[in-house]
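In: sequence and computational prediction follow.
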Number of protein chains: 2
Amino acid sequence: MSHDPLSKRRLKIWIRLLGVTRTAEGALREFLRLGHDTTLPRFDVLAALYRRRDGVTMSELSRMLLVSNGNATTVVDRLEKDGLVRRTQSDSDRRTVFVALTPEGLAQFEGLAAEHEAQVNALFSGLTEADLDTLTDILKRMGGPK
Amino acid sequence: MSHDPLSKRRLKIWIRLLGVTRTAEGALREFLRLGHDTTLPRFDVLAALYRRRDGVTMSELSRMLLVSNGNATTVVDRLEKDGLVRRTQSDSDRRTVFVALTPEGLAQFEGLAAEHEAQVNALFSGLTEADLDTLTDILKRMGGPK
DNA sequence: CAAAACAATTTCAAGTTTGAAATTTATGGG
DNA sequence: CCCATAAATTTCAAACTTGAAATTGTTTTG
C-alpha cells in the first residue's frame, strides 16, 4: 500500500470527466425536452432498441444501458404505454421477455437520431481527428463496459 | 449544414465516455454503500463543502455540482437532518443561505476522502502520466463547466 | 422425481433529479 | 416612495434510479 504519486492527478481527471459528462448530458437533455418533448432515458432505450432491431431481453437492455433491472422495467413500462415499444414473451423460456421498437417507436427514433448526432457533434466540435484517435485509446484503458 | 465526416466518430466517443463514467460511478456508489453506508450525491455535497470550508450559498453549491437548485435543496435537507451540514442565513441578503460542514460532517468526509481517492486511483490505474497530460488537454477542449 | 439452486423479471420503498411554479427579498426607474 | 423586475431559495409533481425482496420459471443434483 505505497503512496502513488499519480493518485491525486487521477482524482482530478475523474472530477473533470464528470464535469464534461454532466454538462453534455444537460445540453442533450435540454435539446430533447425543448425540441422533442422527451427525455434522455427514453432516448437511450429507443437508441438501444434501434441498434438491436430484432429485440433484446430486459436483462440485455439493462446491461447495454448500464442501469438496474428495475430501472429498465419502469422506463420500458412508460414507453410501452405510449406505444413506442412492445414486449413479447419468449417461447423457449417463459421467464424471458423481449422488447422491441414498434413502428411508431422506430419512426420517433429516426426523427431524432440525426439531430441528436448533430448536437453531440456540436458539443464536441473541439475534438480533432487526432484527438479522437488518442481519446479512443485512452478511454479503452479507463475501463467502461467490458 | 455540410456533412461532417467526424460526426459519427464524435458520437461514438460520447457513447464510450458515458460508458466509462457510468461504470466508474457504479463502482464508487457500491464502495460508498457497502463500505460507508452513504451515497454518491451525499458524498459530492460533502466534498464540495470541504473544498469551500467557509461555506457556500445554495446556488453556488448547485453550480459546483452541476445539479438543479431543487436537487441541492433536498440533498442538503437530508444531510442537515443527519447533522452533517448546517444552514445559516446571510445577514446582508436575507434571501441567501449559506451551507457548511458541521464538525460531524467534516469528520465523516475526512474518514472517507482517502479511501475514495484510492478507489478512483484503482479504477483508473491504467492511466500513465502521459495519458493524464493528454487527457487533461483534451477534456479542456470538450467543454465542461464554465 | 423432488428439492435446492439458479435465472429473468417485476415490485417496492427510499432516495435522487429535473424543471416549473411559488415564496421571499432586493433593486432600479419613474 | 411604489412598482416592476430580478434574484435566491424552496416547494411540488413527475420522472428516474437504485438495490433488495418477491415472483415465476428453469436447471441441477442427490
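Out: Yes, it's here. Numbering: from 1, shown residues only, chains lettered A, B, ... in the order given.

In: doesn't residue A:116 make contact with residue A:43?
Out: Yes: with contact defined as C-beta atoms under 8 Å, residue A:43 and residue A:116 form a contacting pair (7.0 Å). C-beta: built from backbone N, CA, C; applies to glycine.

In: which neighbours do the two share?
Out: Taking C-beta atoms under 8 Å, 6 or more residues apart in numbering or on different chains as the criterion, residue A:43 and residue A:116 both touch residue A:32.

In: how about the most centrally placed residue in chain A, nearest residue that isn't a chain neighbour?
Out: With distances taken as C-alpha atoms, centre = their mean, the residue of chain A nearest its centroid is residue A:44 (4.3 Å). Closest residue in space to residue A:44, ignoring its immediate chain neighbours: residue A:65 at 5.5 Å, by C-beta to C-beta, 6 or more residues apart in numbering or on different chains.

In: who's in contact with that neighbour?
Out: A:44, A:45, A:48, A:72.

In: host element of the second one?
Out: Going back to what we said before, that points to residue A:45. Taking DSSP states H and E as the definition, residue A:45 sits inside helix A:40-51.

In: that helix packs against which elements?
Out: helix A:7-36, helix A:58-65, helix A:69-81, strand A:85-89, strand A:97-101, helix A:103-123 (3 or more C-beta pairs under 8 Å, 6 or more residues apart in numbering or on different chains; DSSP states H and E).

In: neighbouring strands for the fifth one, and are they parallel or not?
Out: Looking at strand A:97-101 with DSSP bridges, its partner strands are strand A:56-57 (antiparallel), strand A:85-89 (antiparallel).

In: and those, which is most packed in?
Out: Of all the strands paired with strand A:97-101, strand A:56-57 has the most neighbours on average by mean count of other C-beta atoms under 10 Å in any protein chain shown, namely a mean of 18.

In: so that strand, near DNA strand D or not?
Out: No: on the criterion C-beta under 7 Å from any atom of the strand, strand A:56-57 is out of touch with DNA strand D, staying 12.9 Å away.

In: in chain A, what residue comes closest to DNA strand D?
Out: residue A:70 (2.4 Å; C-beta to the nearest atom of the strand).

In: so who does that residue touch?
Out: If a contact means C-beta under 8 Å, 6+ apart, then residue A:70 has no contacts.

In: repeat that for the one 3 residues further on.
Out: The neighbourhood of residue A:73, defined by C-beta under 8 Å, 6+ apart, consists of residue A:58.

In: give me the residue ranges of chain A where confidence is low.
Out: A:1-2, A:144, A:146 (pLDDT under 70).
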